[in-house]
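Peer 1: just a sequence and a predicted model for now, questions to come.
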Amino acid sequence: MGIINAVKLIYDYVTKDERGDVENVTSAIRGVDLDIQAGQFIAILGHNGSGKSTLAKQMNALLVPTGGTLTVKGMDTSDEKNVWNIRQTAGMVFQNPDNQIIGTIVEEDVGFGPENLGVPTKEIWDRVYDSLKRVGMMEYCDHSPNKLSGGQKQRVAIAGTMAMKPECIVLDEPTAMLDPNGRKEVIGTVRELNQKEGVTVILITHYMDEAIQADQVYVMDEGQIVLSGTPREVFSQVGRLKELRLDVPQITELAYELKKEGFPLPDGILTAKELEDALIRCKEQGYHVKAKSGEAKHVDKDRTS
Amino acid sequence: MIRDITIGQYYPANSIIHRLDPRVKLMATVVFIVSVFLIHDLVGFLIATAALGACIWLSKVPVRYMLKGLKVIFIILIFTVLLNMMFTPGREIFRFYFIRVTWEGVILAGKTTMRLVYLIVGSTIMTLTTTPNHLTDGLEKALSPLKKLRFPVHELSMTMSIALRFIPILLEETDKIMKAQQARCADFESGNLIHRVKNLIPVLVPLFISAIRRANDLAMAMEARCYHGGAGRTKMKPLIYNRRDKIGYAVVIAYLILWIVLICVF
Ligand SMILES: Nc1ncnc2c1ncn2[C@@H]1O[C@H](COP(=O)(O)OP(=O)(O)OP(=O)(O)O)[C@@H](O)[C@H]1O
Ligand SMILES: [Mg+2]
C-alpha cells in the first residue's frame, strides 16, 4: 500500500437551509480508487468541476470521505485523532498565493506550521532557514510577503509546508494565477524537492506541459478517475482527452494533426525533440512533405531552435 | 504603490527604546497617560515634560515624526482651545459682543491642549518604535492573565496580526475595484454626501464578497498547516525579558512613585 491510498472514495457536498434540512447534494467524488507510491511525482488533470480540489482536500483531511476510505501513510482520514498527523504528513499548497500566507514577514510565515506543531523555538529557526534555502528564498527571509512576485509567494508557501517536514505535498493548481516565469519557478522548485529530497508530489494542474514531467498522470471527470498511466500512455489518447474537454501538450497535438495528414508517427510524442526525430525517420522512409503539412513542420522547426 | 504602506507608523532606527520589550513600552505608555491626567501644577508639568523629552531623545526618532500624529487632532485642538477660552466663567480679559474671554479660560485651554498633545505624542512614541507584530505579541503576552477569565487573548492577537497582513491587500483591491467602476463611468467625486455614499455601494459589495472569500481560503490554509488555536503552540520569536527591560520597568516604577509622592505631598 502506497503513501496515499483511496478505496471506493465517495464525497458529497451537502448544502442545508437555515432549518438544517438538506437542500442540495452534489456528488463531487464518485468512487475513486487510487494508490500513490512514496517518492512519486503525480499529476492530476481534469476539467473544471471534475472534483480535483475535493480529492486534494481529502488527502489533507480538510474534508473527510462520505463513503469509502482514504489513508495517508496508513492513517485513516476519517479518524478524528489522526487529523494533525495527517496534515503534517501531507502538506498542502493552494491556488491563490495571497490567501495562504499568514505571516507579515516571510520567515514568520514559514514558521507558522512548526509553531502550531509545538516545535521548540530553536528548531523552528533551523527548519525555517532550511526550508527557505531549499526553495531558494533565503535572501527574502525578512521581507514582507506583499512585496514578492506571485511565483515567489508560492515558493514561500511551499517552504511553509516543507517546514513541517511532510512526506508528501499536495499542490492544488499552484501555478494557475502566475505568469510563465512564475510557473517555471514553482514547477522547478517542486521537481527539485521531488528528486533531491524524495518528497511525494501530487500536482493538480490545468497546464499539460507541467503534467508531462510527472511519473504518473490521472485524469478525472465527473468525480471519477477516467484515465491513468504514464504521461506517454495518457497523452497518446488524444481523441479521448478531447472528449473529456482537455487539451493535450502542444507538441503532442501537432504530432496528432500530422498523423491525421498521413505521416506514420508513433502515438504519445511529448517533446519537440521526439517529434523532430520521428519526422527525420519519416523523411528517410521517403515521405514527402506537402505544402500544407510543410507549414506545420516549419512551425515545429521554429520551436526546436 | 498602495502595498508599500506600512500600517501603524513604525520608524526603523536602532535605539534603546526600539529594542525594549513591547510589554515594558505598553506599561510605560499607560503610566504616562495616567500621569498626564494628574498634572495640575507646574511641577507636575515639568516632570512629565522631562520624561517625554527623555523618551523622544532616546528613541532617535525625529521630532517632526512625533508631531505628525498631532495633525489628526488639529481640528479638535482648535475647538477645545476656543470653547475653553470662551465659556469658562471668571475674570474677564476682554469682551467681544457676547464672547467673553477669561483668565481662567485661557489657563484651562492651555492645560487641555497640553494634555492632548502629551497624550498623542506619548502613545506615538510607542507606535513609532514598535513593529505592529511586536505590538500584537506584546499585547497577547501582557493580557495573558485574562485567559483565565476566558477572554480570547490569543484569538484577539491572531486576528490583529491577520488584519495587519490583509489591510494593504484589501486597500489595493478597493483601488482596483474603484478604477474598474470608474472605467464604467462611476462617479465618486461629485454630488452631496448621501449621493457619494450611495455611489460607494458598488465598490463595497464586491469588496466584501472578496474579503469573505479570502477569509475562507485563509482559514483553510491555516487549518492545513495544523493551526488549532493557541493551545500547545510554541513561539518562533518568544518575548524574553533581559537586563535592559528590567531597567526599563524600574524606571517606569520610579516615575510612578514620583507621582504618588507628588500627589500626597501637594
Ligand atoms: N463548497 C461546496 N459546496 C457545494 N458544492 C461544491 C463545493 N465545492 C465544490 N463543489 C462542487 O463539487 C464539484 C467538484 O468541485 P471541485 O472544486 O472539486 O472541482 P475542481 O476539479 O477542483 O474544479 P476546478 O478546476 O474549477 O478547480 C463541482 O461540481 C462543484 O460545483
Ligand atoms: Mg479546484
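Peer 2: Received the coordinates, thanks. Ligands and ions are numbered 1, 2, ... in the order given.

Peer 1: counting neighbours, what do you get for residue 215?
Peer 2: Since no chain was named, I'll use chain A. A:D215: 15 surrounding residues under other CB atoms under 10 Å in any protein chain shown. Placement of C-beta: from N, CA and C, glycine included.

Peer 1: ah, I was thinking of chain B
Peer 2: B:A215 has 13 neighbours, counted by other CB under 10 Å.

Peer 1: ok so it is a strand residue?
Peer 2: No: with DSSP: H, G, I helix; E, B strand; the rest coil as the criterion, B:A215 is assigned helix and is not in a strand.

Peer 1: list the contacts of B:T29.
Peer 2: Neighbour list for B:T29: B:G122, B:S123, B:I125, B:M126 [criterion: CB atoms under 8 Å, 6 or more residues apart in numbering or on different chains].

Peer 1: in strands, which of those fall?
Peer 2: Judged by DSSP state E, those include no members of strands.

Peer 1: generate a ChimeraX selection restricted to the buried entries among those.
Peer 2: Here is the ChimeraX command that picks out the buried ones among the contacts of B:T29, judged by 16 or more other CB atoms under 10 Å in any protein chain shown:
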select /B:122,125,126
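
Peer 1: could you export the contacts of B:T29 as a markdown table, including pLDDT and distance to A:E80?
Peer 2: Converted to a markdown table, the contacts of B:T29 look like this (pLDDT from 0 to 100; distance: CB to CB, whole Å):
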| residue | pLDDT | distance to A:E80 |
| --- | --- | --- |
| B:G122 | 89 | 50 |
| B:S123 | 86 | 46 |
| B:I125 | 88 | 49 |
| B:M126 | 88 | 44 |
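
Peer 1: without its sequence neighbours, what residue ends up closest to A:I169?
Peer 2: A:G91 (4.8 Å; CB to CB, 6 or more residues apart in numbering or on different chains).

Peer 1: burial count for the one you found?
Peer 2: Neighbours of A:G91 (other CB under 10 Å): 26.

Peer 1: and what of B:D245?
Peer 2: Neighbour count of B:D245, defined by other CB under 10 Å: 18.

Peer 1: quick check: it touching B:V24?
Peer 2: Yes: counting by CB atoms under 8 Å, B:D245 touches B:V24, with 5.1 Å between them.

Peer 1: and the closest residue to B:G138 other than its chain neighbours, what does it touch?
Peer 2: Once flanking residues are discounted, B:G138 sits nearest to B:P22: 2.7 Å by CB to CB, 6+ apart. Neighbouring residues of B:P22 by CB under 8 Å, 6+ apart: B:T130, B:H134, B:L135, B:D137, B:G138, B:L139, B:A142, B:L239.

Peer 1: what subset of those is buried?
Peer 2: By neighbour count, with 16+ other CB under 10 Å, these hold B:T130, B:H134, B:L135, B:D137, B:G138, B:L139, B:A142 as buried.

Peer 1: nearest to B:S190 among the residues you listed?
Peer 2: Of all the buried ones among the contacts of B:P22, B:S190 sits closest to B:L135, with 39.8 Å by CB to CB.

Peer 1: distance of the nearest residue to that closest one once chain neighbours are set aside from A:N85?
Peer 2: Distances taken as CB to CB, 6+ apart place B:P22 nearest to B:L135, at 5.7 Å, with adjacent residues excluded. Going from B:P22 to A:N85 by CB to CB, to the nearest Å gives 35 Å.

Peer 1: can you check B:L146 too?
Peer 2: As for B:L146, its distance to A:N85 is 32 Å (criterion: CB to CB).

Peer 1: what about the strands in the stretch 101-250 of chain A?
Peer 2: For the stretch 101-250 of chain A, the strands defined by DSSP state E, counting those that start in this stretch occupy A:168-172, A:200-204, A:216-221, A:224-229.

Peer 1: could you export these as CSV, including mean neighbour count?
Peer 2: Shown next, in CSV, are the strands of the stretch 101-250 of chain A (neighbours: other CB atoms under 10 Å in any protein chain shown):
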stretch, mean neighbour count
strand A:168-172, 25
strand A:200-204, 25
strand A:216-221, 22
strand A:224-229, 17
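
Peer 1: show me what contacts B:N133?
Peer 2: Contacts of B:N133 by CB under 8 Å, 6+ apart are A:T104, A:I105, A:E108, B:S161, B:L164.

Peer 1: if we use 10 Å, what do you get?
Peer 2: A:103-105, A:108, B:8, B:10, B:22, B:157, B:160-161, B:164-165, B:237 (CB atoms under 10 Å, 6 or more residues apart in numbering or on different chains).

Peer 1: pick out the most distant pair among those.
Peer 2: Longest span within the contacts of B:N133, CB to CB: B:P22 and B:R165, 18.2 Å.

Peer 1: next one: the nearest residue to A:L227 once chain neighbours are set aside relative to ligand 1, how far apart?
Peer 2: Among residues not flanking A:L227 along the chain, A:V219 sits closest, at 3.9 Å (CB to CB, 6+ apart). Noted for A:V219: a distance of 11 Å to ligand 1, by CB to the nearest ligand atom, to the nearest Å.

Peer 1: what of B:A13?
Peer 2: 47 Å.

Peer 1: can you give me the mean pLDDT across whichever helix or strand B:V251 is part of?
Peer 2: Secondary-structure assignment from DSSP states H and E places B:V251 in helix B:243-265. What helix B:243-265 shows for mean pLDDT is 91.

Peer 1: list the contacts of it.
Peer 2: Residues contacting helix B:243-265 (CB under 10 Å, 6+ apart): B:16-17, B:19-25, B:27-32, B:34-35, B:38-41, B:43-44, B:47-48, B:50-51, B:54-55, B:239, B:241.

Peer 1: would you show me how to pick out the buried ones of these in PyMOL?
Peer 2: This is the PyMOL syntax for the buried subset of those, where burial follows 16+ other CB under 10 Å:
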select buried, chain B and resi 17+20+21+22+23+24+25+27+28+29+31+32+35+39+44+47+48+51+55
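
Peer 1: so where's the stretch 1-150 of chain B shaky on pLDDT?
Peer 2: Along the stretch 1-150 of chain B, the parts satisfying pLDDT under 70 run over B:1-9.

Peer 1: hey, where'd the helices end up in the stretch 1-150 of chain A?
Peer 2: Along the stretch 1-150 of chain A, the segments classed as helices by DSSP state H, counting those that start in this stretch run A:52-59, A:83-89, A:106-110, A:112-117, A:121-134, A:150-162.

Peer 1: may I see the ones you listed arranged in a markdown table, with distance to A:V238, mean pLDDT and mean neighbour count as well?
Peer 2: Supplementary listing: the helices of the stretch 1-150 of chain A in a markdown table, determined by distance: least, CB to CB, whole Å; pLDDT from 0 to 100; neighbours: other CB atoms under 10 Å in any protein chain shown:
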| stretch | distance to A:V238 | mean pLDDT | mean neighbour count |
| --- | --- | --- | --- |
| helix A:52-59 | 21 | 94 | 24 |
| helix A:83-89 | 37 | 93 | 20 |
| helix A:106-110 | 42 | 93 | 25 |
| helix A:112-117 | 41 | 94 | 24 |
| helix A:121-134 | 37 | 94 | 18 |
| helix A:150-162 | 30 | 94 | 26 |
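
Peer 1: so which of those helices is nearest B:A109?
Peer 2: Using CB to CB, the nearest of the helices of the stretch 1-150 of chain A to B:A109 is helix A:106-110, at 46.6 Å.

Peer 1: is any residue of the closest one near chain B?
Peer 2: Yes: interface with chain B: helix A:106-110 contributes A:E107, A:E108, A:D109, A:V110 (CB under 10 Å from any CB of the partner chain).

Peer 1: and these, which is closest to B:M114?
Peer 2: Closest to B:M114, out of all of these and judged by CB to CB, is A:E108, at 40.0 Å.

Peer 1: show me where the stretch 51-200 of chain B has strands.
Peer 2: Under DSSP E, counting those that start in this stretch, the stretch 51-200 of chain B gives strands at B:92-96, B:99-102.

Peer 1: tell me the most buried of the ones you listed?
Peer 2: With neighbours defined by mean count of other CB atoms under 10 Å in any protein chain shown, none of those is more surrounded on average than strand B:99-102, at a mean of 17.

Peer 1: can I get the CA coordinates of it in PDB?
Peer 2: The C-alpha trace of strand B:99-102 is given here as PDB (Å, rounded to 0.1, in the frame of the first residue of the first chain):
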ATOM      1  CA  ILE B  99     -18.000  86.500  23.700                       C
ATOM      2  CA  ARG B 100     -16.100  86.800  27.000                       C
ATOM      3  CA  VAL B 101     -12.600  85.600  27.200                       C
ATOM      4  CA  THR B 102     -11.400  85.000  30.800                       C
END
